[in-house]
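# Need coordinates for the following:
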Amino acid sequence: MEDDDDDFITNEVKRRLKELRRNSFMVLIPEETCQADEEDEEEQGETSSNEWRDVEAEGRQFWSGFDAVYDVYCERMLFFDRFSSQQLLELGCHVVSTPSPRSASKKLASPLRCLSLRKFEAEEDENEHLQGAVSSDPYQELETAYVGQMCLTWEALHCQYTQLRQKISSQPECHSSYNHSAQQFQQFLVLLQRFIENEPFELGSRPEIFARTRKSLPKLLQVPKIQAYEEKSTGGEEEASELVVVATDLSKIMESCILSFRQFIKMEKKKTSSVRNIFGSQNQMGTPVQQMQHSLEKKAVKMKEVQKKSYNYNNKTKTKKKKKSWPTAEEDVETLLGLIDVKVLCRVLRMVRISKEQMFWCEEKMKKLVVDGKLLRDPSPILFPC
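Next up, the predicted model:
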């Protein structure tokens, strides 16, 4: 079964790369080995009680030190992987994997269950009500892990794309090779699209399906790190000009990844829309989650107005096809990324149980989206807490 999956993915990536070459979008990408190029994490002046706030500080200087943020991204994705594996075992879901010992289940389950309100386990005010009490329901735990990995992946994806765009604009003549990164992002795209196509035929909720699929395909929604290599022509190889994938080629692959990620979020919304409205009576708007949802909705409306004006100005005849393609104007790109930010935030606020740390994360993300006639978006990363 796993061999069939691997063959499918390999063949699909090769097919897509050949199509891209035929369209003069980019050249066929040869395999090359990936070398780890990690920098030591810089020490920060301020300390914080929460680990995720340290990552937020790193995010502010991510232009010069994304490696440290990416390392934390991988660690948190791995944590949620182990955690969701244990929840699948509790649910009795059998997937192709070696189960971890029962003792590991307790070690992994307890930190996340206690995390949500560990510091605030005193009494909750009516004004500081969070959805649901801390529960050991494995379905809720799977949702927490799924939403966490979705948020982490979006941060790693959009931040690296922004970095790459800045590099292209500041160094247009740079001829670094991105062959290996292009292959990895093509695989990311193939796996994501395959999940979107297969999900309607799977049983269970999105978090369950995602956890099962990611356990058998660990690279699903796992954003690779962009790595550039200086172009070196070697006599025994094919013509270098026929082999090199430059930054503009890679940016187009990443744009396809971002559009597929947006579709990934939209598809789940259709499946889960029937289980909303769990915060109390309809006329009650007092909880922090409801207030934040209300603010987010207003911000989304303003952003869509900005998008509509920009589209009408840049495209006299706006078609559905154009709406699904990558925007050409810079302000439209920023609005697209901002609207995906909003969709990610909406999904966090729809969780059955949400912790104060997760609420703080939502607040910080919202502060990075300022709409004043146009969208001012801060692309620096804030990694979702775990």
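
# what about Val301, how many residues close to it?
Burial of Val301 is recorded as 11 neighbouring residues (other C-beta atoms under 10 Å). C-betas here are computed from N, CA, C, even on glycine.

# contacting residues for it?
For Val301, the contact set (C-beta atoms under 8 Å, 6 or more residues apart in numbering) is empty.

# Buried ones in the helix or strand in which it is found, by neighbour count?
With secondary structure defined by DSSP states H and E, Val301 is part of helix 288-314. Residues 288-290, 292-293, 296, 299-300, 303, 306-307, 310-311 are the ones in helix 288-314 that count as buried (16 or more other C-beta atoms under 10 Å).

# quick one: the strands in this protein?
369-372, 374-377 (DSSP state E).

# Out of the ones you listed, which gets nearest to Lys219?
For the strands of the chain, the distance to Lys219 is smallest for strand 374-377, at 28.3 Å, taking C-beta to C-beta.

# Phi and psi next, for the residue nearest to Gln160 when sequence neighbours are not counted.
Nearest non-adjacent residue to Gln160, counting by C-beta to C-beta, 6 or more residues apart in numbering: Ile226, 5.2 Å away. Note on Ile226: its backbone torsions stand at phi -70, psi 130 [degrees, to the nearest 10].

# Quick one: residues contacting Ile226.
Counting by C-beta under 8 Å, 6+ apart, Ile226 has contacts 160, 163-164, 178, 181, 250.

# shaky segments in the stretch 51-200 of the chain?
Residue ranges of the stretch 51-200 of the chain with pLDDT under 70: 51-64, 93-135.

# Please repeat the previous calculation with a cut-off of 80.
For the stretch 51-200 of the chain, the stretches with pLDDT under 80 are 51-65, 92-136, 172-175.

# From the contacts of Ile226, pick the one nearest Pro327.
Leu164 (16.5 Å).

# The closest one reaches Leu250, doesn't it?
Yes: using C-beta atoms under 8 Å, Leu164 makes contact with Leu250 at a distance of 6.5 Å.

# Those two - which one has more neighbours?
Set Leu164 next to Leu250 and count neighbours by other C-beta under 10 Å: Leu250 wins out with 26 against 19.

# And that one, how far from Leu243?
Computed as C-beta to C-beta, to the nearest Å, the Leu250 to Leu243 distance reads 14 Å.

# for Asp332, same thing?
Taking C-beta to C-beta, one finds Asp332 at 33 Å from Leu243.

# What segments of this protein are helices?
Along the chain, counting by DSSP state H, helices occupy 2-22, 51-60, 66-91, 102-115, 138-170, 179-198, 206-216, 247-272, 288-314, 320-324, 330-349, 356-367.

# Identify whichever of these lies nearest to Arg377.
Of all the helices of the chain, helix 330-349 sits nearest to Arg377, with 5.0 Å by C-beta to C-beta.

# Next, the angle helix 138-170 makes with that closest one.
Per axes from the mean of the first three to the mean of the last three C-alpha atoms, to 10 degrees, the angle that helix 330-349 makes with helix 138-170 is 160 degrees.

# List the buried residues for helix 330-349?
In terms of neighbour count (16+ other C-beta under 10 Å), helix 330-349 has its buried residues at 331-349.

# same check, this time on stretch 346-366
Buried-residue list, stretch 346-366, by 16+ other C-beta under 10 Å: 346-351, 353-362, 365-366.

# just to revisit the earlier point, in a markdown table: the strands of the chain, plus mean pLDDT.
What follows is the strands of the chain, written out as a markdown table (pLDDT from 0 to 100):
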| stretch | mean pLDDT |
| --- | --- |
| strand 369-372 | 89 |
| strand 374-377 | 89 |
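
# Next, format those as JSON lines and append mean neighbour count and distance to Leu383.
Formatted as JSON lines, those follow (neighbours: other C-beta atoms under 10 Å; distance: least, C-beta to C-beta, whole Å):
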{"stretch": "strand 369-372", "mean neighbour count": "15", "distance to Leu383": "17"}
{"stretch": "strand 374-377", "mean neighbour count": "16", "distance to Leu383": "17"}
